[in-house]
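> sequence and computational prediction follow.
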Amino acid sequence: MAENRPVFGMDYGTSYFKFGPLWVGKYPEMVENRGYFPRMSKVVAEIRGIEPREIVVGPEVSEYLESREDLERLYYPMRNGVVPRDDERGWKVVKELTRFALLKHYPGAQSPLGGRFTGFYVVAALAAQAPTYMYERLFEIHGQLNSEEGKTLVRAMTIIPQPLAVAIAEKATTCVVLEGGHGNTQITPISRDVIRGAVIPLNRGGSDSDAIARQILKDLGYPELAREDKFVRMFKEMAGLVPLDLNSAISWAREHPAALTSRFRIPGTTVEVDMGDKAWQRFLIGEFYFNPGHEVFESYYSRGFPGPRDTIVGDRVIPGKVSLAEAIREAVSRTPVEIQSTLLRNVILSGGAFSWTVPAGLEGVAVDSPTKLSRMLRDAGIETQPKMVREPQFSVWRGAVVYGLFLPEGVRWDWSTMEGWRYFAD
Ligand SMILES: Nc1ncnc2c1ncn2[C@@H]1O[C@H](COP(=O)(O)OP(=O)(O)O)[C@@H](O)[C@H]1O
Ligand SMILES: [Mg+2]
């Protein structure tokens, strides 16, 4: 292991970009994976003392947001993990976020790990389904940043699939990693490397729980709050519960009307949501991510609420409403029979979409993600106890850093194996 190598991890998530060099410690930094294209004229910007800019990324974005229309000038390039080849705005955001991350941690001539600093060893993590042109473009961007900034920010770089980074962080060799982010859930059988033909990049993630939470807020009579994404997300994270079994949880809530909190105050605001006698709907928010095909949701669909989108993999269509258990079975069925039982014994959950917790007093009715999936898989005839990583939003970054410490200097990037270092300076 190269302990003094200045490894820099970058996890391009669908909603958050996690980044930082080895020496940031346990946790990476996290900013929204988005850019803002200001409309402000040069003159107005000068009068107000703001530097006129084509694009703004990072914490500064909020200084520029002024009105609801401004929200539309925000651009999230990786909403589903893939930036289209010709999406110039999207690539601009990726480039500026990368520049922001590298400049923020550029140490100057001395490496905090000792010796002279001669450029970072960047390990970037992309979605498992990311096409080759995304790799090419990301290499290109890092090279451009070196020349535009006039210094060697990046000495070498490599790219790995996010679920593989999780497997590395967990020291797992044969496993199925479910990387559940905001925009998608990568169901990824891994046997040393990602089994590419078996990956299901399901079009479902934390944002789908936001969608049902938004609908619930509207139905409760809070249509203005329902329009603000940030607010909806906070409400989802505070109020959402994953039921072990949805029908029993709903009956339980009806029999114990005082057991579920029904008022939610948003910290730092004057906003309060009162769910009244509808607190049982908290279970819908969690269930929807795991099983949007549950019959309870029929009444929503019949009112025009759109379910999660279908996923097309090769020539097959994975229906949007498939349960996560069914999707795991489908992914594993595309691997060699010989390794299927080992894969199913090692199901690893990672990503913020699995971060549900169980409030005191609700044990057994509400559950965490591994317990939920274990029950769903058992109902599908598969006995296994999935394992949750310790820091669901950071395990990709951590695995990327570990990978960067172990990948030998002499292994050069190879397009046929998709591994190795791509050097920008010697
Ligand atoms: N405690 C929580 N309960 C429910 N959802 C959560 C919690 N914490 C984070 N999330 C959700 O996780 C998602 C972000 O996870 P993350 O792994 O960072 O996604 P990505 O890598 O795709 O950007 C968001 O939808 C967020 O609302
Ligand atoms: Mg992610």
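The structure has been received and is ready for your questions. Ligands and ions are numbered 1, 2, ... in the order given.

> beta-bridge partners for whatever residue of the stretch 201-350 of the chain ends up closest to ligand 2, please?
Closest residue of the stretch 201-350 of the chain to ligand 2, C-beta to the ion: residue 350 (7.9 Å). Backbone N, C-alpha and C define where each C-beta goes, glycine included. Under the criterion DSSP bridges, residue 350 forms beta bridges with residue 179.

> you'd agree it is up against residue 164?
No - Residue 350 is beyond contact range of residue 164, at 11.4 Å (criterion: C-beta atoms under 8 Å).

> comparing those two, which shows the higher neighbour count?
Ranked by neighbour count (other C-beta atoms under 10 Å), residue 350 and residue 164 place residue 350 first, with 31 against 23.

> wait, what's in contact with the more buried one?
Residues near residue 350 by C-beta atoms under 8 Å, 6 or more residues apart in numbering: 163, 166, 177-180, 388-389, 392, 395-396.

> from residue 11, how far off is the residue of the stretch 51-200 of the chain found nearest ligand 1?
Closest residue of the stretch 51-200 of the chain to ligand 1, C-beta to the nearest ligand atom: residue 181 (2.1 Å). The gap separating residue 181 from residue 11 is 10 Å, by C-beta to C-beta, to the nearest Å.

> pLDDT weak spots in this protein?
Where the chain drops to pLDDT under 70, the residues are 40, 66-70, 426.

> and it, what are its domain boundaries?
The chain is divided into the following domains under automatic domain parsing: 35-74, 201-388.

> centre of the chain to the last one, how far?
If I follow you right, that is domain 201-388. A distance of 16 Å separates the centroid of the chain from that of domain 201-388, by C-alpha atoms, centre = their mean, to the nearest Å.

> could we number from 371 for the rest of this?
Noted, 371 is the first residue going forward, which turns the last one into domain 571-758.

> that one and ligand 1 in contact?
Yes - counting by C-beta under 6 Å from any ligand atom, ligand 1 has neighbours in domain 571-758: 576-577, 603, 607, 610, 721-723, 725-726.

> among those, name the ones in strands.
In strands, judged by DSSP state E, none of the residues of domain 571-758 next to ligand 1 are found.

> and residue 371, what is it in contact with?
775-776.

> separation between it and ligand 2?
From residue 371 across to ligand 2, the span is 25 Å (C-beta to the ion, to the nearest Å).

> and for residue 735?
Distance from residue 735 to ligand 2, by C-beta to the ion: 29 Å.

> what's the neighbour count on that residue?
Neighbourhood size, residue 735 [other C-beta under 10 Å]: 21.

> equivalent analysis for residue 575, please.
Residue 575 - counted by other C-beta under 10 Å - has 27 other residues nearby.

> same thing with residue 492?
Neighbour count of residue 492, defined by other C-beta under 10 Å: 30.

> residue 412 now?
With other C-beta under 10 Å as criterion, residue 412 counts 8.

> wait, it touches residue 421, no?
No - in this structure, residue 412 is not within contact of residue 421 by C-beta under 8 Å, at 10.0 Å.

> flag every residue of the stretch 421-570 of the chain that's near ligand 1.
Residues of the stretch 421-570 of the chain found near ligand 1 (C-beta under 6 Å from any ligand atom) are 551-553.

> who wins for most neighbours among those?
residue 551 (29 neighbours).

> do you know how far that residue is from residue 374?
Applying C-beta to C-beta, the value for residue 551 to residue 374 is 32 Å.

> likewise for residue 726?
Distance from residue 726 to residue 374, by C-beta to C-beta: 39 Å.

> neighbour count: these two, which is higher?
residue 726 (22 against 12).

> got the contact list for the more buried one?
When contacts are counted by C-beta under 8 Å, 6+ apart, residue 726 touches 610-612, 656, 736, 738-739.

> which single one of these is nearest to residue 468?
Of all the contacts of residue 726, residue 468 sits closest to residue 739, with 30.9 Å by C-beta to C-beta.

> so that closest one sits against residue 719, correct?
Yes - assessed by C-beta under 8 Å, residue 739 is found in contact with residue 719 at 5.5 Å.

> just give the number of residues close to the one residue in the stretch 671-796 of the chain that gets nearest to ligand 1.
Going by C-beta to the nearest ligand atom, ligand 1 is nearest to residue 722 of the stretch 671-796 of the chain, at 2.2 Å. Using other C-beta under 10 Å, residue 722 has 19 neighbouring residues.

> how near is it to residue 772?
20 Å.

> in the stretch 371-520 of the chain, which residue sits nearest ligand 2?
residue 383 (3.5 Å).

> isn't there a helix covering residue 537?
Yes - counting by DSSP: H, G, I helix; E, B strand; the rest coil, residue 537 is part of a helix.

> Provide a list of residues in contact with it.
Each residue near residue 537 by C-beta under 8 Å, 6+ apart is listed here: 543, 545, 547, 560, 718, 769.

> near the residue of the stretch 371-520 of the chain closest to ligand 2, how many other residues are there?
Residue 383, neighbours per other C-beta under 10 Å, totals 26.

> please apply the same query to residue 725.
Residue 725 has 18 neighbours, counted by other C-beta under 10 Å.

> likewise for residue 430?
13.

> from residue 459, how far off is it?
18 Å.

> with residue 507 instead?
14 Å.

> mind checking which of those two has more residues around it?
Here residue 507 and residue 459 are set side by side on neighbour count (other C-beta under 10 Å), and the busier one is residue 507, at 16 against 13.

> hang on, that one in a helix?
Yes - when classified by three-state DSSP, residue 507 is found to be part of a helix.

> can you tell me which residues contact it?
Counted by C-beta under 8 Å, 6+ apart, residue 507 has contacts 453, 455, 461, 464.

> which one of those residues sits closest to residue 627?
Among the contacts of residue 507, residue 453 lies closest to residue 627 (C-beta to C-beta), at 48.0 Å.

> tell me who's in contact with the closest one.
So residue 453 contacts 447, 460-461, 464, 504, 507 (C-beta under 8 Å, 6+ apart).

> for my notes, confirm it occurs in a strand.
No - using three-state DSSP, the assignment for residue 453 is coil, not a strand.

> chain neighbours aside, what residue packs nearest to residue 571?
In space, and not counting its chain neighbours, residue 571 is closest to residue 499: 4.0 Å by C-beta to C-beta, 6 or more residues apart in numbering.
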